[in-house]
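J.: Okay, structure incoming, though there's no sequence with it:
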């Protein structure tokens, strides 16, 4: 009798789980025009999102989009978009309004800062589902610099950086400009890491995920991590997604799906698949 009760209870639990899954999928579909969930992700932004040689969209954010759609019982349609002059412009064009040239907005946009200031300022967008933390780090060649180099090491040693980034701005102004003459500019992190591998420079500063993915297996030969950087505005930030504020059902569905993908290790595995370490977003400590 006890075994029969347990079996019945398990059956009821399974039915409940299936019903919840079906309801989440139904809620998501209610906010879309078909069984397709439309995503926007930045173009030319490896390893997060870019067009592969086969013409298809690839990258960490692209894989996350596909995983979210699958979790909701939908198909993912991913559009690679160019970054405008500001994040506010991107949100207007790709999330809540659209544009006569680029077309209607997407249902979901990836790689959006999960930031309280943005939430207060942009009332037409829901900033939700933080899925990773990005960090500004230094990849240092300890063969050239010795163990445990500090940011002051670059008073006399060359450090590479991608143009017009947070790291670039910091290095040019830090310590009253004492590092400026040793900053070597590149068009991308990939170009900078190639110079590091050739020992043309002693280190690269930039986003951890981009640096690790660019170095590939060679990253084990470098000291990669946060440094004490006095005066830097924000050495780390959380990444989430954006949904039009009026799409409440879709918002809730994406939240539920992302929670599951983070908790079951899918998001971590996606990062690892692209040669990058995974860091849980700080917001998830108290995230509701």
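T.: Thanks, I have the structure now. Computed from a prediction, not measured in an experiment: that's the story for all the values here.
J.: Which strand in the protein has the most residues?
T.: strand 125-140 (DSSP state E).
J.: Please name the residues that touch the closest residue to residue 137 other than its chain neighbours.
T.: With CB to CB, 6 or more residues apart in numbering as the criterion, residue 137 has its nearest non-adjacent residue at 4.5 Å, and that residue is residue 208. To be clear about C-beta, it is placed using only N, CA and C from the backbone, and glycine gets the same treatment. Going by CB atoms under 8 Å, 6 or more residues apart in numbering, residue 208 touches 134-137, 224, 276-277, 279.
J.: before we move on, what about residue 87?
T.: 112-113, 118.
J.: got a winner among these for most neighbours?
T.: Highest neighbour count within the contacts of residue 87: residue 112, with 26 neighbours (other CB atoms under 10 Å).
J.: That residue belongs to a strand, doesn't it?
T.: Yes - counting by DSSP: H, G, I helix; E, B strand; the rest coil, residue 112 is part of a strand.
J.: ok, it - contacts?
T.: 87, 91, 118, 127, 239-242.
J.: And for residue 232, nearest residue in space, chain neighbours not counted?
T.: Leaving aside its sequence neighbours, residue 232 sits nearest to residue 170 (CB to CB, 6+ apart; 5.1 Å).
J.: thinking again about what came up before, list buried residues within the contacts of residue 112.
T.: 91, 118, 127, 239-242 (16 or more other CB atoms under 10 Å).
J.: What segments of the stretch 51-200 of the chain are strands?
T.: In the stretch 51-200 of the chain, the strands defined using DSSP state E, counting those that start in this stretch lie at 57-58, 75-81, 108-113, 125-140, 159-162, 183-186.
J.: Mind putting these into TSV with distance to residue 98?
T.: Output for the strands of the stretch 51-200 of the chain, formatted as TSV (distance: least, CB to CB, whole Å):
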stretch	distance to residue 98
strand 57-58	20
strand 75-81	12
strand 108-113	12
strand 125-140	13
strand 159-162	30
strand 183-186	34
